[in-house]
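Trainee: when you get a sec, could you give me coordinates for this:
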Amino acid sequence: MANALELSGDIATAATALAGLLLVFMGAQATSFEGYEPQEKKAVRGKFQARTWFAFAGFALALLAAAMALFAKWLSFECAAFAALMSLFLSLFLTLAAALRAALDVK
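Mentor: Coordinates of the predicted model:
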């Protein structure tokens, strides 16, 4: 069975891919929000902010996971590799929350 240090390269790859996906999602949210008229923006601002903040938190954690995984691989530091893995899992959970929030907002 592989330990976290052996997976650190895979963790870094997955985390950067997830960060890219979340960056695209946040861009789509911003573009969609800007499509509203100024008076309509007040009514939808809360929904867009909630989705985007979930995505931003996931984005930040994904970047942190990638950095920690690279650090762990470079210095052969098992604890940092495990922390990177946990950060990636939390980022995946926040990504799911952002997507679920977006799906539930569609009526």
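Trainee: return the set of buried residues in the helix ranked longest in the chain.
Mentor: Longest helix in the chain, counting residues (DSSP state H): helix 38-75. Applying a neighbour-count criterion of 16 or more other C-beta atoms under 10 Å, one finds 48, 51-52, 54-59, 61-73 buried in helix 38-75. Heads up, the C-betas are built off the backbone N, CA and C, glycines and all.
Trainee: and the pLDDT for the residue sitting furthest away from the middle of the chain?
Mentor: Outermost residue of the chain with respect to the C-alpha centroid, by C-alpha atoms, centre = their mean, is Gln39; its distance is 30.4 Å. Gln39 carries a pLDDT score of 90 in this model.
Trainee: and it, how far is that from Leu63?
Mentor: 36 Å (C-beta to C-beta, to the nearest Å).
Trainee: which residue is nearest the centroid of this structure?
Mentor: Nearest to the chain centroid, counting by C-alpha atoms, centre = their mean: Gly58, 2.7 Å.
Trainee: so where's this structure shaky on pLDDT?
Mentor: Scanning the chain for pLDDT under 70 picks out 1.
Trainee: show me what counts as buried in the host helix or strand of Arg101.
Mentor: According to DSSP states H and E, Arg101 maps onto helix 78-105. Buried residues in helix 78-105, counting neighbours by 16+ other C-beta under 10 Å, are found at 80-85, 87-88, 90-92, 94-95, 97-98, 101-102.
Trainee: and that helix, what does it pack onto?
Mentor: Contacts defined by 3 or more C-beta pairs under 8 Å, 6 or more residues apart in numbering; DSSP states H and E place helix 78-105 against helix 8-34, helix 38-75.
Trainee: redo those as CSV? Include distance to Ala2.
Mentor: Shown next, in CSV, are those (distance: least, C-beta to C-beta, whole Å):
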stretch, distance to Ala2
helix 8-34, 9
helix 38-75, 13
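Trainee: re earlier: now the angle from the helix holding Arg101 to helix 8-34?
Mentor: Helix 78-105 and helix 8-34 are oriented at 30 degrees to each other (axes from the mean of the first three to the mean of the last three C-alpha atoms, to 10 degrees).
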